[in-house]
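> Predicted model follows, preceded by the sequence.
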Amino acid sequence: MIEIKHLSKTFQMKDGAVNALKDINLTIPDGSIYGIIGMSGAGKSTLVRCINLLERPTEGSVVIDGTAMETLNAAQLRERRRDITMIFQQFNLLMQRSCLKNICFPMELAGVKKADAEKRARELLEVVGLPDKANAYPAQLSGGQKQRIAIARALATDPKVLLCDEATSALDPNTTHAILTLIKDINKKLGITVVVITHQMSVVEEICDHVAILDGGVVVEEGSVQEIFSNPKTPAAKRLVAPNGGSAARDLSSFAPDDHVVRVTFNGSSTAKPLVASLAAEKGILVSVLSADTRDLSGQCYGSMLLKLPTDVEQAKQAAAYMRAQPGITVEEVTGE
Ligand SMILES: Nc1ncnc2c1ncn2[C@@H]1O[C@H](COP(=O)(O)OP(=O)(O)OP(=O)(O)O)[C@@H](O)[C@H]1O
């Protein structure tokens, strides 16, 4: 378990002090995939660097499995960092070494025999899906492949914690998905606790179970991803979870003043029963989706849609009544707003 207690970090600059982190308190459970999300400058990188003491906190403590990291001397810290490894946005591979030798590197530092290190490195190449890249050099790899090698290197010392600092931010959406799937797999199979630093809510949505929202060096919200998504309370959380204000935008050009339009808000309704399709299938009533800002979170839908109901008054009433009867859905009139 990682416990961050009253952690603050101040950088002293020529023109004054920068309070990058202020009184951070977080508990990261063993085996979780924990997201730390915030806009640029929120303090994410500083926080992750404080977790493994690459950055020394100005105040407070980082306690990992009962050991306060800031109390360790340099040699103890070096040893402890084998348990808490890190991957980065820019991969940080050694360009003059082959992939195999990159993966061997932390084992060399730990004094593992060369033959044992190479055997383990080959196993790790299998784990990350690149068994044929042992002799390739980083420059010959795509971004996604480089991150796979970086992950293999991070796993070489059998860590308990993997810190991912914007690990998919330089990758395209498909590659991002593949790397996140690999990280999730590693978390499940090896039981490694993963801390994911990101500015992208989609990353948190895809793999994290818990999330802390960092804004201006302060944790403004923290909880299960589901809790935060379904009910973001602070402006920072609302900005990240629902950039359009959580509400489908009303595009005035898309409907006439006498159209019958409703805003349907989803607050955890099941995505297994798509509303518009089931209204058509069960009642034979067709409605048009004018705009939608919804997201699927573990099979539950959040956000809202603007729907144009049929011009037939009776059908429109039936459609509204049908939707109101569904759990987790509210319906309000928009026409004439
Ligand atoms: N070494 C440093 N010296 C001085 N100020 C720093 C240092 N590192 C970070 N800061 C400042 O601390 C604040 C938080 O920076 P940090 O890099 O942790 O944010 P971030 O959320 O990771 O942002 P980004 O996503 O843009 O990397 C910023 O105001 C930054 O300028």
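Here it is on my side, so go on. Numbering: from 1, shown residues only.
> tell me what the helix or strand harbouring residue 292 is packed against?
Under the criterion of DSSP states H and E, residue 292 resides in strand 288-297. On a contact count with 3 or more C-beta pairs under 8 Å, 6 or more residues apart in numbering; DSSP states H and E, strand 288-297 meets helix 225-230, strand 300-308. C-beta coordinates here come from the backbone N, C-alpha and C atoms, glycine included.
> can you give me the offset of that strand from its chain's centre?
Remark: strand 288-297 is offset 21 Å from the chain centroid, using C-alpha atoms, centre = their mean, to the nearest Å.
> Pairing partners for it, with directions?
According to DSSP bridges, strand 288-297 has the following sheet partners: strand 300-308 (antiparallel).
> So for the first helix or strand past the strand it pairs with going along the chain, mean pLDDT?
On the C-terminal side of strand 300-308, the closest following helix or strand by DSSP H and E is helix 313-324. Computed over helix 313-324, the mean pLDDT rounds to 93.
> Show me what helix 313-324 packs onto, helices and strands only.
With contacts defined as 3+ C-beta pairs under 8 Å, 6+ apart, the packing partners of helix 313-324 are strand 261-270, helix 275-283, strand 329-333.
> So what's the residue count around the closest residue to the ligand within the stretch 151-300 of the chain?
Across the stretch 151-300 of the chain, the shortest distance to the ligand (C-beta to the nearest ligand atom) belongs to residue 199, at 5.4 Å. A total of 15 residues lie near residue 199 under the criterion other C-beta atoms under 10 Å.
> Contact partners for it?
Listed by C-beta atoms under 8 Å, 6 or more residues apart in numbering, the contact set of residue 199 reads 37, 38, 39, 40, 44, 166, 169.
> repeat for residue 94
101, 102, 105, 138.
> Same check on residue 34?
Here residue 34 is in contact with 28, 193, 194, 195, 196, 208, 209, 210, 211, 212 (C-beta under 8 Å, 6+ apart).
> what's the closest of the residues you listed to residue 155?
residue 194 (11.6 Å; C-beta to C-beta).
> May I ask which helix or strand encompasses that closest one?
strand 193-198.
> Point out where the chain drops to low pLDDT.
242-255, 257, 271, 297-298, 335-337 (pLDDT under 70).
> Now for it: which helix has the highest residue count?
As assigned by DSSP state H, the longest helix anywhere in the chain is helix 173-190.
> what are the C-alpha coordinates of that one, in PDB please?
This file holds the C-alpha atoms of helix 173-190, laid out as PDB (Å, rounded to 0.1, in the frame of the first residue of the first chain):
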ATOM      1  CA  PRO A 173      -5.400   6.000 -30.000                       C
ATOM      2  CA  ASN A 174      -5.100   2.400 -31.200                       C
ATOM      3  CA  THR A 175      -1.500   2.000 -29.800                       C
ATOM      4  CA  THR A 176      -2.700   3.700 -26.600                       C
ATOM      5  CA  HIS A 177      -5.500   1.100 -26.300                       C
ATOM      6  CA  ALA A 178      -3.000  -1.800 -26.900                       C
ATOM      7  CA  ILE A 179      -0.500  -0.400 -24.200                       C
ATOM      8  CA  LEU A 180      -3.300   0.200 -21.700                       C
ATOM      9  CA  THR A 181      -4.500  -3.400 -22.300                       C
ATOM     10  CA  LEU A 182      -1.000  -4.700 -21.600                       C
ATOM     11  CA  ILE A 183      -0.700  -2.600 -18.400                       C
ATOM     12  CA  LYS A 184      -4.100  -3.900 -17.300                       C
ATOM     13  CA  ASP A 185      -3.000  -7.500 -18.000                       C
ATOM     14  CA  ILE A 186       0.200  -7.000 -16.100                       C
ATOM     15  CA  ASN A 187      -1.700  -5.600 -13.100                       C
ATOM     16  CA  LYS A 188      -4.100  -8.600 -13.200                       C
ATOM     17  CA  LYS A 189      -1.600 -11.400 -13.800                       C
ATOM     18  CA  LEU A 190       1.400 -10.100 -11.700                       C
END
